[in-house]
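Colleague: Give me the fold of what follows.
(chains A and B)
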Amino acid sequence: MTAELSHAALAIAFALAVAQAFFSLWGAWRGDARVMAVGPAAAFAIFIFVAASFAGLTYLYVTSDFSVANVYANSHSAKPLLYKFTGVWSNHEGSMLFWALVLAIFSALVGLFAGNLPPRLRANVLGIQGLIAAFFLLFILTTSNPFLRLEIAPAQGQGLNPVLQDIGLALHPPLLYLGYVGCSVAFSFAVAALIEGRIDAAWARWVRPWTLVAWLFLTLGIAMGSYWAYYELGWGGYWFWDPVENASLMPWLAATALLHSALVMEKRDALKIWTVLLALLTFSLSLLGTFLVRSGVLTSVHTFASDPARGVFILCILIFFVGGSFALFALRASGLKPGGIFAPVSREGALLLNNLFLSAIVATVFVGTLYPLMLEFVTGEKISVGAPFFNTTVGPLALLLVAVMPAGPLLSWKRGDALAVAQKLAIAALVALVCAIAVFAINGAPLYPMIALAVAMFAIAGAVIEYATRIALFRVSVSESFMRAAGLPRASLGTLFAHAGIGLTLLGVAAEGGWSVEKIAHVRPGEAIRIHDFDVRFRTWTERKGENYRDLAAAFDIRRDGITVAELAPAKRIFVMRGQQTTEAAIKTFGLGQLYLSIGDPSPDQSVALRAYWKPFVLLIWLGGVVMALGAAFSLSDRRLRIGVPKRAANKRLAAVPAE
Amino acid sequence: MKRLVLAFFFTLALAAPLAAVQPDEVLGDAALEARARALSHTIRCMVCQNQSIDDSDAPLARDLRILIRERLMAGDTDTQIRDFLVARYGQFVLLEPEKNAQNALLWLAPLLALLAGALVLLRFFRSRRAPKVKPLSAAEKRRLKELS
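Modeller: Numbering: from 1, shown residues only, chains lettered A, B, ... in the order given. Here you go, the predicted structure:
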């Protein structure tokens, strides 16, 4: 029954989404408040129904109802409970349902929190949200129904892909989807603005928090996915320039650009057309990511199922929304009036430079990801575009971007003083130089990581200096600096954290790339190898048993200066049901660095093929992401965004009158 | 019993894929080994999703790693080895596509994007500078007086 009810709930949600789209857009067109009032109510109802449907699927997973094809294919009764939950979105159908759920949540939130928006803008926004929901729900209902029954219910399920049986699956996809789908709100706002042909600084103020939320989750999702790959795949890589990774990186880059250009629009009423374009682009790239992953046109570790019918459907959705919104943009953008004037050297100018670099990076990643596809289509020639390409092209652009980043917040609006900024940043440059020289003197260094290290230090020091300037640190008494800090809007803390976070991530990347040590060796029981200043002694083979797997683990004693500091047991894990094997790396953190052990298969003479890494400062790669997300959280808590636009009191009173 | 379990794993291990770079592959000559590693980072594992042969567990990747080392030992240059692999597997094997006419658009993409963006910016600032500061109109002057 649960499956059928959940399916029905999904169908009702689809009907409601059509209603939401139609009545909202039509009501806004006619300017009829009663028709427009359907929007928020429908959005909330869709949320209820999609949530019910999702809960239904979860229930089927938890109770291991193998009469449902989706559960049979992706679950197993002996699977740990956590993975019965996370298994729901481990597959195509379930993850699309999850996508729809997140969209429903965002639409409901827009309906809830957008009370102070002009009614027509709100109706148009909800109309577009409804349209997106309708398309995706239709997609699920027609091509990806997770509630299909099998004619004969098997006694046991096929189990979940071992690589996915990890806490990472509980966090990475939900965070990423919150980010991806969160971008839809900025998109809907942009389309709504284009429909009305009117846009102002207040629009940017409404869009920014939604984009911040999406960006926050996207940042965490990407960082989480990167760390997951790092410890799960067993060779210590954290970013592979896999098409699917690129698919998540592109919306992140575009959203980053959008956050910055929306800032200009909010403060200076300028760059309207560009900001609207970025809002369209960000969600378009999210949709493109969904298409790339779900259609299976690109081979990637994330592509579970490739079914041409699905690919074509998503391509249609993509063409409709991207094509439609850009056509609307072409028609209406010229009508948007340009705003405030500013000199090239100014805060606005710096934010434009940020946008220039970010756009160039997006373009590079975009071309690199899709070039093989296009080339094969045109000439039939198959090529690969992998990590070496992206490292040589995106690397320098990213370094340039981060190198000019500290100057931005120091410049004043409209017309900045480049010389004064350079003087302020001289200390940061000095810090970067001293660090680079010190590291070079101690470790010697390859050039590229060396530059990255210097740029990273410059960015971190620059961010700190910018904040110190704001609170007049050392120029006034410490207590007054504290007072000033308390008086600053939280958004300035957001800038500090986000910019320092970028620097920290880059520092981690530089250290990992430049100063990692790797040892590959056969080690017999009782023997030891030396890596960095650790002695890694192989004790013995042991066996561990999990709920649905068996580990063949190699126990190592880690000693530093003769003292045992850790015991690590990397393993080969064999999943009993699927007979599949995974590598379980063992990791021990020392400060910000990590000792990473991964083993190959045992040799007949009982020795172990060991790959050991010492990765200094590697944790910064992901901690930087967390710090960036923290920055977004600070910005979100800014009074300006919480209180923001004056409430439309008159409207509220009207709405409070009960309908008779 | 424990013996038996281990024995079971060992037999299983024989059938299972091998791990990425194995100790027995590593060359004695550190310089050659470094070249081998650098090379194998740029060669695609043909049977994997999206991995270099350096990272891959697949037997084919291991074969290629060993092949690269044999060629290096025989004195081949990096280019010769790459050409050999391309002749055998096609362009698809290179993770870093060749810089030729066919891939010109790919390699120039970052530069073109930057240039296009810079041009737009230039035009943007040019167009905005045109109307220099206009003198205040009579009405504005009056309003200014009212304010001050």
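Colleague: I'd assumed A:Tyr371 was in contact with A:Phe389.
Modeller: No. The pair A:Phe389 / A:Tyr371 is not scored as a contact, 9.2 Å apart, by Cβ atoms under 8 Å. Placement of C-beta: from N, CA and C, glycine included.
Colleague: who has more neighbours, those two?
Modeller: Neighbour count, other Cβ atoms under 10 Å in any protein chain shown: between A:Phe389 and A:Tyr371, A:Phe389 has more, with 22 against 19.
Colleague: quick one: pLDDT of that one?
Modeller: pLDDT for A:Phe389: 93.
Colleague: ok but it is inside a helix, no?
Modeller: Yes. Using DSSP: H, G, I helix; E, B strand; the rest coil, the assignment for A:Phe389 is a helix.
Colleague: Just give the number of residues close to the closest residue to it other than its chain neighbours.
Modeller: Nearest residue to A:Phe389 in three dimensions, chain neighbours excluded: B:Glu96, at 5.3 Å (Cβ to Cβ, 6 or more residues apart in numbering or on different chains). Number of residues near B:Glu96 (other Cβ under 10 Å) recorded here: 19.
Colleague: next one: phi and psi at B:Glu96?
Modeller: Dihedral pair for B:Glu96: phi -100, psi 100, per degrees, to the nearest 10.
Colleague: same thing with A:Asp65?
Modeller: Main-chain torsions, A:Asp65, degrees, to the nearest 10: phi -90, psi 90.
Colleague: What ranges does chain B have for its helices?
Modeller: Along chain B, counting by DSSP state H, helices occupy B:2-15, B:30-40, B:59-73, B:78-89, B:104-129, B:138-147.
Colleague: Please verify my assumption that A:Pro616 contacts A:Leu592.
Modeller: Yes. Assessed by Cβ under 8 Å, A:Pro616 is found in contact with A:Leu592 at 7.4 Å.
Colleague: what sits against the residue nearest to A:Phe389?
Modeller: A:Gly386, A:Pro388, A:Phe389, A:Thr392, B:Thr42 (Cβ atoms under 8 Å, 6 or more residues apart in numbering or on different chains).
Colleague: pLDDT score for it?
Modeller: 90.
Colleague: So what touches stretch A:276-289?
Modeller: A:180-181, A:183-184, A:186-187, A:189-191, A:193-194, A:199, A:207, A:211, A:244, A:247-248, A:250-251, A:254-255, A:257-258, A:261-262, A:314, A:317-318, A:321-322, A:325-326, A:329, A:333, A:336, A:355, A:362, A:366.
Colleague: host element of A:Gly237?
Modeller: Take DSSP states H and E as the rule and A:Gly237 turns out to sit in neither a helix nor a strand.
Colleague: For it, give its distance to A:Lys414.
Modeller: 45 Å (Cβ to Cβ, to the nearest Å).
Colleague: Skip the chain neighbours and tell me the closest residue to A:Val50.
Modeller: A:Ala104 (4.3 Å).
Colleague: surely that neighbour meets A:Ile46?
Modeller: Yes. Taking contacts as Cβ under 8 Å, A:Ala104 lies within contact range of A:Ile46: 5.0 Å.
Colleague: any residues in contact with both of those two?
Modeller: The contact lists of A:Ala104 and A:Ile46 share A:Ala13, A:Ala133, where a contact means Cβ under 8 Å, 6+ apart.
Colleague: and the stretch 51-200 of chain A, which residues reach chain B?
Modeller: Nowhere does the stretch 51-200 of chain A come near chain B, counting by Cβ under 8 Å from any Cβ of the partner chain.
Colleague: can you count the residues close to the residue in the stretch 401-550 of chain A positioned nearest to chain B?
Modeller: Per Cβ to the nearest Cβ, A:His522 is where the stretch 401-550 of chain A lies closest to chain B, at 4.4 Å. By other Cβ under 10 Å, 18 other residues sit near A:His522.
Colleague: Around A:Arg198, count how many other residues there are.
Modeller: For A:Arg198, the count of nearby residues is 16 (other Cβ under 10 Å).
Colleague: What's the separation between it and chain B?
Modeller: Taking Cβ to the nearest Cβ, to the nearest Å as the criterion, A:Arg198 is separated from chain B by 22 Å.
Colleague: repeat for A:Phe366
Modeller: A:Phe366 sits 8 Å away from chain B, going by Cβ to the nearest Cβ.
Colleague: I'd guess that residue is in a strand, am I close?
Modeller: No. Per three-state DSSP, A:Phe366 lies outside any strand segment and is helix.
Colleague: coming back round to it: just the buried ones from the contacts of stretch A:276-289?
Modeller: Using 16 or more other Cβ atoms under 10 Å in any protein chain shown as the burial test, the contacts of stretch A:276-289 include A:180-181, A:183-184, A:186-187, A:189-191, A:193-194, A:199, A:207, A:211, A:244, A:247-248, A:250-251, A:254-255, A:257-258, A:261-262, A:314, A:317-318, A:321-322, A:325, A:329, A:333, A:336, A:355, A:362, A:366 as buried.
Colleague: Okay, and which of those residues map to helices?
Modeller: A:180-181, A:183-184, A:186-187, A:189-191, A:193-194, A:207, A:211, A:244, A:247-248, A:250-251, A:254-255, A:257-258, A:261-262, A:314, A:317-318, A:325, A:329, A:355, A:362, A:366.
Colleague: thought A:Thr219 was touching A:Ala632?
Modeller: Yes. Look at A:Thr219 against A:Ala632 with Cβ under 8 Å: they come within range, at 6.9 Å.
Colleague: what sits against A:Phe217?
Modeller: A:Phe217 neighbours (Cβ under 8 Å, 6+ apart): A:Leu175, A:Leu176, A:Leu178, A:Gly179, A:Gly182.
Colleague: Write a ChimeraX command that selects only the buried members of these.
Modeller: Burial among these is assessed by 16+ other Cβ under 10 Å; the matching ChimeraX selection reads:
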select /A:175,176,178,179,182
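Colleague: Make a markdown table out of the contacts of A:Phe217 and add distance to B:Ile66.
Modeller: Output for the contacts of A:Phe217, formatted as a markdown table (distance: Cβ to Cβ, whole Å):
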| residue | distance to B:Ile66 |
| --- | --- |
| A:Leu175 | 41 |
| A:Leu176 | 38 |
| A:Leu178 | 45 |
| A:Gly179 | 42 |
| A:Gly182 | 48 |
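Colleague: And the pLDDT for the nearest residue to A:Leu619 once chain neighbours are set aside?
Modeller: Spatial nearest neighbour of A:Leu619, chain neighbours left out: A:Leu592 (4.7 Å); criterion: Cβ to Cβ, 6+ apart. Per-residue confidence (pLDDT) for A:Leu592: 93.
Colleague: Contacts only, for A:Leu592.
Modeller: By Cβ under 8 Å, 6+ apart, A:Leu592 lies in contact with A:Gly508, A:Pro616, A:Phe617, A:Val618, A:Leu619, A:Leu620, A:Leu623.
Colleague: Between these, which sits nearest chain B?
Modeller: Scanning the contacts of A:Leu592 for proximity to chain B, where the rule is Cβ to the nearest Cβ, the winner is A:Val618, at 16.7 Å.
Colleague: need the residues of the stretch 501-650 of chain A near chain B, please.
Modeller: Proximity of the stretch 501-650 of chain A to chain B is confined to A:520-522, A:541, A:543, A:552, A:572, A:574, A:581, A:583, A:598-602, A:604, A:609-611 under the rule Cβ under 8 Å from any Cβ.
Colleague: please redo it, this time with the cut-off set to 6 Å
Modeller: A:Ile520, A:Ala521, A:His522, A:Glu543, A:Leu552, A:Gln581, A:Gly600, A:Asp601, A:Pro602, A:Ala609 (Cβ under 6 Å from any Cβ of the partner chain).
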